[in-house]
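Engineer: need coordinates for the following:
(one chain, ligands or ions: 1)
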Amino acid sequence: MNIQEVLHRLRINPTNSGTSTGNDWLKEESTPAITSYSPVNGLAIAEVQSAGAQSFEHVMKTAEQAFVFWRNVPAPKRGDIVRQFGDELRKHKQDLGTLVSYEMGKSLQEGLGEVQEMIDICDFAVGLSRQLYGLTMHSERTNHRMYEQWHPLGIVGIISAFNFPVAVWAWNAALAWVCGNVCIWKPSSKTPIVALACQNIIADVLKQNDLPEGISNLLIGNAAGTMINNNKRIPLVSFTGSTKIGRIVASAVASRFGRSILELGGNNAIIISKDADLEMSVIGAVFGAVGTAGQRCTSTRRLIVQEDIYEDFKNKLVRAYGQLRIGDPLDEKTHVGPLIDTDAVMAYQSAIEKGNTEGANFIVEGGVLEGDRYVSGCYVKPCIAEVENHYEIVQEETFAPILYLIKYKTLEEAIALQNGVPQGLSSAIMTLNLREAEAFLSVNGSDCGIANVNIGTSGAEIGGAFGGEKETGGGRESGSDAWKGYMRRQTNTINYSNTLPLAQGIKFDL
Ligand code: UN1
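Structural biologist: Now for the predicted structure:
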């Protein structure tokens, strides 16, 4: 793999300043530059410029004009643009997946999988563009018709995280576009280069179709995020990131009566029943905990294991961890790549320290790897600790491969432990017992947005609505009817009689 060639094919060059309305890239001289470093080897990839108030205002004006045009393009035609975008992504899958892996640090397989999620959501959005269904209702008045329809909102702000640096944007943008909105994307400052690559791909499609600037916009840097959150000309902000920042975003957007879709932290658990297929459970648990180096919001953080099989399962798990290969994520034999940066390594180390002071028993020890293959300083050992659910550190989401083991006796107790955290994103039970599976999915079961049986907590398909409850923020993206979050509902009543009967039987004679 020659990264310079990949960058060249994705047309990353100094013209791509960071701020873009599509094909046009703007340069504001006074704002700070951001250099993106690869966690794979610590080398700089490229530099971008963060956006200031001046570029923000230019992007806003261009987006507002584009919206007036775009909302009048019939939805199936908007869908066709998204179809073309999906086709381009298919052509660039290898390069974009490679760059995701190199800039973010996830394995190449996962980088390619992430681009596949983008392609899949485009396909989904194309079908949706001929639907966007409203309902019809029966009016209580004679010769009246009632229905509801869905209109676009306007400008959608998308603030995405480093861990899924391109897919999360695509989930939001593909739906937002077919719904008739225009988008402003503020990617993570840790992964701006993949965002430039995506912008180049969509800008090409828009240009080939003679569409105006402003349908797909890009802004880099935290100042841009704050401007998006506070601007009342942006009716919807979709934010993916930590609960801590999500709280700030939520209150800023709510205080101006904007809408937000929040995808915040998870603290996902798998319950391993004594009736589980243990071999399958080990694979599900290990991939869930160490995949993407534990940096998915759906990563498995806790395993709640039935006491009868606890020792057996624990031994199998420890053996599996012994086989993990940590290293260059672009090497296809690698299971675990680096963390995103050295700040993330510090957070990992302090979580281990805190665990130790609270009484955690590490059965697979952690640690930072050193040596020629780990020069970036971002490679850590996935570790496992026996803990109690109430430990402060267990209640928190640490974005790293630290897995907590908790023992249980009854299913009721296991469900209480699973639900006994502030977050509510993903959950799973491993069991071949129908009663247990159904109880877990019932109203008395998991309180999460995602609840799986005999599948781990991560790797959700795009066809379902994605999101979670409690401190995860309550937002839903991707499949099912998540598109409704990107539109405004209008209820219409039409009187085709020659009188004006009032609703609720009210008489008002003049
Ligand atoms: C995230 O970590 O922000 O379910 C999203 C999964 C992926 C998406 C994760 N499809 O693991």
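Engineer: the stretch 101-250 of the chain: strands as residue ranges?
Structural biologist: Using DSSP state E, counting those that start in this stretch, the strands found in the stretch 101-250 of the chain span residues 136-137, 144-152, 155-159, 182-186, 216-218, 236-240.
Engineer: closest to the ligand out of these?
Structural biologist: Comparison of the strands of the stretch 101-250 of the chain against the ligand by C-beta to the nearest ligand atom identifies strand 236-240 as nearest, at 5.6 Å. In short, each C-beta sits where N, CA and C put it, glycine included.
Engineer: so what touches the closest one?
Structural biologist: Residues from elsewhere that reach strand 236-240 (C-beta atoms under 8 Å, 6 or more residues apart in numbering): 153-161, 164, 168, 172, 176, 181, 228-229, 245-246, 249-250, 253, 258-264, 297, 473, 475, 477, 485-486.
Engineer: what about those, which are in helices?
Structural biologist: The helices, defined by DSSP state H, take in 168, 172, 176, 228-229, 245-246, 249-250, 253 from the contacts of strand 236-240.
Engineer: CSV for those residues, including neighbour count?
Structural biologist: Converted to CSV, the ones in helices among the contacts of strand 236-240 look like this (neighbours: other C-beta atoms under 10 Å):
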residue, neighbour count
V168, 29
N172, 30
A176, 26
I228, 27
N229, 24
I245, 17
G246, 22
V249, 23
A250, 20
V253, 25
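Engineer: now for the residues you listed: which two are most distant?
Structural biologist: The distance between the two most remote of the ones in helices among the contacts of strand 236-240 (C-beta to C-beta) is 21.2 Å, for A176 and I245.
Engineer: which of the ones in helices among the contacts of strand 236-240 come close to the ligand?
Structural biologist: Restricting those to those touching the ligand (C-beta under 6 Å from any ligand atom) yields V168.
Engineer: quick one: which of the ones in helices among the contacts of strand 236-240 is nearest the ligand?
Structural biologist: Of these, the one sitting nearest to the ligand (C-beta to the nearest ligand atom) turns out to be V168, at 5.8 Å.
Engineer: now T136, which residues is it bridged with?
Structural biologist: Following DSSP bridges, T136 is listed with bridge partners Y147.
Engineer: what's near enough to touch it?
Structural biologist: By C-beta under 8 Å, 6+ apart, the contact set of T136 is 145-148.
Engineer: same check, this time on K314
Structural biologist: Per C-beta under 8 Å, 6+ apart, neighbours of K314: 305, 363, 405.
Engineer: among the residues you listed, which are in strands?
Structural biologist: The strands, defined by DSSP state E, take in 305, 363, 405 from these.
Engineer: tell me how far the residue lying closest to the last one once chain neighbours are set aside lies from G266.
Structural biologist: Okay, so that is L405. Excluding its sequence neighbours, the residue lying closest to L405 (C-beta to C-beta, 6 or more residues apart in numbering) is E386, at 4.8 Å. Noted for E386: a distance of 21 Å to G266, by C-beta to C-beta, to the nearest Å.
Engineer: try A460
Structural biologist: Distance from A460 to G266, by C-beta to C-beta: 11 Å.
Engineer: checking P39 next. Helix, strand or coil?
Structural biologist: Following DSSP: H, G, I helix; E, B strand; the rest coil, P39 is assigned to coil.
Engineer: wait, what's in contact with the most centrally placed residue in the chain?
Structural biologist: For the chain, the residue nearest the mean C-alpha position is V168 (4.3 Å; C-alpha atoms, centre = their mean). By C-beta under 8 Å, 6+ apart, the residues touching V168 are 158, 160-161, 240, 263, 477.
Engineer: what about the helices in the stretch 51-200 of the chain?
Structural biologist: In the stretch 51-200 of the chain, the helices defined using DSSP state H, counting those that start in this stretch lie at 53-70, 75-104, 108-128, 167-178, 192-208.
Engineer: so for E469, which of those sits nearest?
Structural biologist: Across these, E469 has its closest neighbour in helix 167-178 (18.8 Å, C-beta to C-beta).
Engineer: ok so, going back, check the contacts of V168 and tell me the two furthest apart.
Structural biologist: A161 and E477, at 12.6 Å, using C-beta to C-beta across these.
Engineer: near the ligand, which residues of the stretch 51-200 of the chain?
Structural biologist: So the stretch 51-200 of the chain meets the ligand at 117, 163-164, 168 (C-beta under 6 Å from any ligand atom).
Engineer: farthest pair in those residues?
Structural biologist: For these, the maximum inter-member distance is 12.7 Å, found between E117 and N163 (C-beta to C-beta).
Engineer: and those two? Which one has more around it.
Structural biologist: Each of E117 and N163 has its neighbours counted (other C-beta atoms under 10 Å); N163 has more, 26 against 20.
Engineer: which residue is the nearest non-sequential neighbour of P422?
Structural biologist: Nearest one to P422, counting by C-beta to C-beta, 6+ apart, is E471 at 4.4 Å.
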